[in-house]
Structures are given as structure tokens and as C-alpha cells.
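*Asks:* Predicted model and sequence below, questions to follow.
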Amino acid sequence: MNAFMTLAAGIALATVAPTVAGAAQNDIHPDAAVKVAGGVIAANGTINGGKGFTSVHNATGEYTLTWPSGYFKTCPVVNVTPAGLDGDIPISDIYSYGCTNGGVQVIVVISARSTGAGLDNAFHIVLNSI
């Protein structure tokens, strides 16, 4: 590639990149109240990170997490991701989700990939409310 083509490619990228980045940054209205909550839950149900919620280890591979009424203004989007391996490849599922008066209760089920049986495994949970 000659010097002219390199210069032209650099100018094109410098011109387009701020526009693309600006579009992504303006997707959320500046007056929107965004609340993000989450935590790291150990295989035994202990909260290893995060605050403002409770965690109960109901049974093998089943956990109930609860945020109190008024914590969120709107019902949040929930994402659960297994953390590490504890004997088998973990598959996470949001078994139950309820949102009332800004409070949220989520039941997370983690299963072993090879058998489908419940599996105690650490996980991360993130809730985003706009």
C-alpha cells in the first residue's frame, strides 16, 4: 500500500469513527435515570460482591435473589452468567422473574451440561433499569 492510500484510509477512519461513537453514546437520553445493580454469588449462595439484595440457596443449583420494593423505578433487564466450572459445564437459566413496585425477585437455576441435573456453581447477575 502506498503512502497516499495509507493517508486516505486514516482520514476516512478519523472522519467516520467519531460519528459512530457519538451515535452509540447518544442512544440513552441524558435525563434518563439508569440504575444498574448486580452481584457475584458463590456456589453456596453467599454474596461475594454487590449489595442491596439478599441471596438464598434453595436447593442444588437453585438460588433466589431479592431486591426490595422501591429499589428500581422500572422493571430491569436481568442477565445471569455462570462463573467458572464446578465439576461440569454450567448452564444458567432465569427460572422465575417477578417485578412489583420496584422490587425484584429472580430465581436462578444452574444445570450441568452433561446431565441436566442441578449444579451448585458461582455466577454473576446484572440488572439494568432505564
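*Replies:* Received it, and whenever you're ready, just let me know what you need.

*Asks:* now the strands for this protein?
*Replies:* All strands of the chain, identified by DSSP state E, fall at 35-41, 47-49, 54-59, 62-67, 77-82, 90-100, 103-112, 123-129.

*Asks:* Any chance of CSV for these, columns mean neighbour count and mean pLDDT?
*Replies:* Every C-beta, even on glycine, is put in place using the N, C-alpha and C of the backbone. Converted to CSV, the strands of the chain look like this (neighbours: other CB atoms under 10 Å; pLDDT from 0 to 100):
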stretch, mean neighbour count, mean pLDDT
strand 35-41, 17, 94
strand 47-49, 12, 96
strand 54-59, 13, 98
strand 62-67, 20, 97
strand 77-82, 15, 96
strand 90-100, 14, 95
strand 103-112, 20, 97
strand 123-129, 19, 95
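
*Asks:* quick one: residue 46 and residue 54 touch, right?
*Replies:* No: Residue 46 lies out of contact with residue 54 (CB atoms under 8 Å); the separation is 11.2 Å.

*Asks:* what do these two both touch?
*Replies:* Counting by CB atoms under 8 Å, 6 or more residues apart in numbering, residue 46 and residue 54 have no shared contacts at all.

*Asks:* what bridges to the closest residue to residue 82 other than its chain neighbours?
*Replies:* Excluding its sequence neighbours, the residue lying closest to residue 82 (CB to CB, 6 or more residues apart in numbering) is residue 90, at 3.8 Å. Judged by DSSP bridges, the bridge partners of residue 90 are residue 112.

*Asks:* and residue 90, what does it touch?
*Replies:* Going by CB under 8 Å, 6+ apart, residue 90 touches 82, 110, 111, 112, 113, 119, 121, 123.

*Asks:* I am finished for the moment; much appreciated.
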